[in-house]
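**Q** Sequence first, then the predicted structure:
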Amino acid sequence: MDELFDNGDDEKCVEYIKNYLPQELKERFSDDQLYYFLDVINDYYVESGVLEAKPDKDGCVSIDLDAITDYVVKESKKDEIGDFSRDDIFFIVQGEMEYGNSLDEVD
């Protein structure tokens, strides 16, 4: 699976993340940066094998938000998008996860 979301879902996810972020972070990230972060998070899911992981007895797959955060920080620096604090990126990773959880609740 190359992409977890289509473009419409990306837009909804970015809006969700912007609403999820603490007030002091809302102005710190552009929409383009948030779309970039979503792409990197999706890359992490594909490369880490999370998408192929077997669910536990409760039907859950363990996802390490710290590992995703570290990956996004490293890739952002490598791709010269910016040198972001781990704490700031953690909120974005958490917001993306909450967006995904909100979709599960609707189904």
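**A** Perfect, I can see it now. Every value quoted in this text rests on a predicted model; they were computed, and no experiment measured them.
**Q** So residue 14 versus residue 36, what's the distance?
**A** For residue 14, the distance to residue 36 equals 10 Å [CB to CB, to the nearest Å]. Placement of C-beta: from N, CA and C, glycine included.
**Q** ugh, wrong one, I meant residue 72
**A** To residue 36, residue 72 is 9 Å away according to CB to CB.
**Q** Which secondary structure state is assigned to residue 60?
**A** At residue 60 the chain is in coil, as set by DSSP: H, G, I helix; E, B strand; the rest coil.
**Q** ok, it - contacts?
**A** The contact partners of residue 60, by CB atoms under 8 Å, 6 or more residues apart in numbering, come to none.
**Q** still on that earlier bit, residue 72 and residue 36: which has the busier surroundings?
**A** Legend: neighbour count by other CB atoms under 10 Å for residue 72 and residue 36, higher for residue 72 (26 against 18).
**Q** what's in contact with whichever strand or helix holds that one?
**A** Taking DSSP states H and E as the criterion, residue 72 maps to helix 65-78. Residues from elsewhere that reach helix 65-78 (CB under 8 Å, 6+ apart): 36-37, 40-41, 43-44, 48, 81-84, 86, 89-90, 92-94, 97.
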